[in-house]
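# I need the structure of the sequence given here:
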Amino acid sequence: MLYNSYIFIFLFLPIILLGFHILRKKGHYRLTISWLIAASLFFYGWWNPIYLGLLVGSIFFNFAFGFVLLNRPHKFFLTLGIMGNLGALGYFKYANFFVDNINTLFSNNIILEQIILPLGISFFTFQQITYLIDTYLGKAKEHNFLQYCLFVTFFPQLIAGPIVHHQMMAPQFAKGVLRSLKLENLTVGFTTFIIGLFKKVFLADNLAIFANPAFDAAEHGFNLTFFEAWGAALAYAFQGYFDFSGYSDMALGIGLMFGIALPFNFLSPFKAKNISDFWKCWHMTLSKFIREYLYYPISLLFTRYAIDKNLGHIGVFFLSMLIPPMFAFICVGLWHGAGWNFVLFGILHGIYTLIHNFWVKINNMIPEDKRIKENNITNIISRFITFTAVVFSFVLFRAESVEAGKNIMTSLLGINGIEFTDMFQVGVFGADPRMGIVWIISSLFIVNFLPNVQQFILNQNRVFIDWGDAMISRPNQVIKWKPTLYWAIFFAIMLTLSIISLSGTNEFIYFQF
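Numbers count the residues shown, from 1 in each chain. Below is the predicted model:
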């Protein structure tokens with residue numbers, strides 16, 4: 001079931017909200033929690049009921065291992081639990097990819113029935129891995145089965161994140177917290193939901209009209225012109241931006257309607273001044289997971305190894321500065337999809353990160369009075385370089401094959417030639433490219449000059465929800481939302497435009513991960 005569908009907006013969400021608030025007001029705590037769990041399981045099973053068994057089995061498996069780790073925090077049980085999760089994820093997500101590569105490499109003919117990827121498996125698997133690790137480390141100490149089921153299945157974050165931590169969510173499921181829910185949460189939550197819906201169905205889906213034909217043409221071997229390639233790359237970059245930003249806003253908004261604060265997962269990443277800043281703002285919970293549970297431990301392990309083996313400064317530098325970021329970003333690429341284009345996407349971002357780390361290190365070696373310092377000009381240049389590098393890499397993210405990605409990238413680099421006369425000609429877009437340019441310029445303005453939902457709404461409403469560490473500040477904006485009649489009319493118009501656009505809507509990009 002999609003958030004951007006008639007059945008969700010006009011039937012599922014109102015019924016679940018109404019039932020939740022009736023049970024909550026009557027003080028039926030266990031029934032309230034059970035109602036949300038049942039609704040979440042129904043929501044997940046709507047796509048394919050067969051995979052409900054996988055989700056429920058995963059919950060029982062990890063809850064049992066969590067109970068063991070709570071009483072006997074031993075590395076053996078932690079390793080066994082993590083391997084069980086990764087084994088299930090590996091089978092459903094990577095088995096076909098692995099077999100196809102074995103067949104190609106060794107000219108074999110191993111036949112494996114096509115495995116359909118269950119929705120959300122990457123998210124609820126990583127989420128439960130964090131639970132096991134946090135339980136082992138003593139961070140997650142509560143062990144209530146109903147709360148744990150809701151922690152895993154809560155439908156706003158079940159399908160495409162954010163990846164939540166048990167110690168952040170469990171206190172919000174407590175009896176006293178649910179009973180103290182205020183009406184303002186519904187107002188803020190519904191407004192946030194409308195913003196996300198508008199981003200998805202009006203912005204992202206219209207940008208897809210100009211991106212999809214070009215990428216499909218490249219997949220069939222058609223050589224794009226320089227401007228066609230950049231038009232497609234930019235259209236897809238903004239499509240992905242509004243798609244993911246829209247989903248993140250909708251998830252936040254739905255959570256708030258139930259009085260539950262989900263962590264921020266998206267914070268104006270196209271305003272980033274370097275690649276490190278970008279990954280702190282794009283899919284923030286995944287970046288945090290990779291950073292805390294993969295990058296830092298591997299970096300520390302390799303550094304200790306280099307020191308113990310007396311490998312010298314070069315050895316320490318190589319093992320601690322080069323290998324960990326490359327390995328981490330290859331994992332990021334593979335997490336997003338089982339394909340060599342995703343591996344290359346990760347490698348490219350690993351290279352970006354290495355370049356950034358080298359630049360920071362070199363700049364820090366220069367005397368302070370001679371260092372390149374931040375100012376308006378350097379910030380603009382940094383943002384432009386970061387944005388261009390990210391757009392270039394997103395080609396691999398979108399392309400269905402390495403060959404198609406290579407096809408478009410060569411055009412982006414001007415290797416296939418640059419003809420200024422082709423800029424306004426009707427080509428593979430199948431539509432007037434002038435409209436594509438209008439959409440791209442409009443998107444540039446929106447992402448650079450308009451406030452994100454955190455600045456626009458949520459920063460001003462901390463009285464409703466204590467976001468704690470999830471609140472990340474950006475410069476204050478002039479445009480701010482208030483629950484007034486004028487804003488109500490504005491968002492009614494925005495909702496109307498979104499509802500009208502629902503008939504031609506697409507599923508969220510991150511649903512496939």
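
# which residues in the stretch 301-450 of the chain form helices?
Assigned by DSSP state H, counting those that start in this stretch, the stretch 301-450 of the chain shows helices spanning 312-317, 323-336, 340-365, 376-398, 402-412, 433-449.

# and what of the stretch 51-200 of the chain?
Secondary structure of the stretch 51-200 of the chain (DSSP H, counting those that start in this stretch): helices at 52-71, 75-106, 121-136, 145-153, 155-158, 166-169, 175-179, 183-198.

# would you mind finding the most buried of these?
Most buried of the helices of the stretch 51-200 of the chain, by mean neighbour count (mean count of other CB atoms under 10 Å): helix 155-158, with a mean of 25. To be clear about C-beta, it is placed using only N, CA and C from the backbone, and glycine gets the same treatment.

# and that helix, what does it pack against?
helix 29-45, helix 121-136, helix 226-257 (3 or more CB pairs under 8 Å, 6 or more residues apart in numbering; DSSP states H and E).

# the residue positioned nearest the centre of the chain and Leu267, how far apart?
For the chain, the residue sitting closest to the mean C-alpha position, by CA atoms, centre = their mean, is His283 at 3.6 Å. As judged by CB to CB, to the nearest Å, His283 and Leu267 stand 10 Å apart.

# rewinding a little: and among the helices and strands packed on helix 155-158, the most buried is which?
Comparing those by mean neighbour count (mean count of other CB under 10 Å), helix 226-257 comes out on top with a mean of 26.

# what's the following helix or strand after it?
Note on helix 226-257: by DSSP states H and E, the next helix or strand toward the C-terminus is helix 275-281.

# now for that next one, which elements pack on it?
helix 340-365, helix 376-398.

# so what does the longest one touch, helix or strand wise?
Helices and strands touching helix 340-365, as assessed by 3+ CB pairs under 8 Å, 6+ apart, comprise helix 275-281, helix 323-336, helix 376-398, helix 402-412.

# please point out which parts of it sit buried.
For helix 340-365, the neighbour count (16 or more other CB atoms under 10 Å) marks 340-354, 356-357 as buried.

# with the shortest one instead?
Within helix 376-398, the residues that qualify as buried by neighbour count (16+ other CB under 10 Å) are 382-383, 386-387, 389-398.

# now the residues you listed in a markdown table, with pLDDT and distance to Gly161?
Converted to a markdown table, those look like this (pLDDT from 0 to 100; distance: CB to CB, whole Å):
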| residue | pLDDT | distance to Gly161 |
| --- | --- | --- |
| Ser382 | 94 | 28 |
| Arg383 | 95 | 26 |
| Thr386 | 96 | 23 |
| Phe387 | 97 | 23 |
| Ala389 | 97 | 24 |
| Val390 | 97 | 19 |
| Val391 | 97 | 23 |
| Phe392 | 97 | 25 |
| Ser393 | 96 | 20 |
| Phe394 | 96 | 18 |
| Val395 | 96 | 23 |
| Leu396 | 95 | 21 |
| Phe397 | 92 | 16 |
| Arg398 | 93 | 19 |
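
# can you tell me which two in those are farthest apart?
By the measure CB to CB, Ser382 and Arg398 form the most distant pair in those, at 24.7 Å.

# how close does Ser58 sit to Ala64?
Counting by CB to CB - Ser58 and Ala64 are separated by 11 Å.

# just to revisit the earlier point, and the residue nearest to the centre of the chain, how far from Ser245?
11 Å.

# picking up where we left off before, give me the distance between the residue nearest to the centre of the chain and Phe92.
Between His283 and Phe92 the computed distance is 21 Å (CB to CB).

# ditto for Leu396
Look at Leu396 and Phe92: by CB to CB, they are 23 Å apart.

# dump the C-alpha coordinates for stretch 389-408 into CSV.
C-alpha atoms of stretch 389-408 as CSV (Å, rounded to 0.1, in the frame of the first residue of the first chain):
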residue,chain,number,x,y,z
ALA,A,389,29.6,15.2,-8.3
VAL,A,390,26.4,13.8,-6.7
VAL,A,391,24.3,14.3,-9.8
PHE,A,392,27.0,12.5,-11.9
SER,A,393,27.0,9.6,-9.4
PHE,A,394,23.2,9.3,-9.4
VAL,A,395,23.4,8.1,-13.0
LEU,A,396,24.8,4.8,-11.7
PHE,A,397,22.0,4.8,-9.1
ARG,A,398,19.3,5.1,-11.7
ALA,A,399,20.7,3.1,-14.6
GLU,A,400,19.5,-0.4,-14.9
SER,A,401,22.9,-1.6,-16.1
VAL,A,402,26.5,-0.6,-16.0
GLU,A,403,26.5,-0.2,-19.8
ALA,A,404,23.6,2.3,-19.7
GLY,A,405,25.3,4.2,-16.9
LYS,A,406,28.5,4.3,-18.9
ASN,A,407,26.6,5.5,-21.9
ILE,A,408,25.1,8.5,-20.1
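
# in what helix or strand does Leu300 lie?
Assigned by DSSP H and E, Leu300 falls within helix 296-308.

# now the angle between helix 323-336 and that helix, please.
With axes from the mean of the first three to the mean of the last three CA atoms, to 10 degrees as the basis, helix 296-308 and helix 323-336 are set at 150 degrees to each other.

# and helix 296-308, average pLDDT?
For helix 296-308, the mean pLDDT works out to 83.

# give me the buried positions along it.
298-299, 302-303, 306.

# ok, stretch 269-276 next?
Neighbour count says stretch 269-276 has 269-276 buried, by 16+ other CB under 10 Å.
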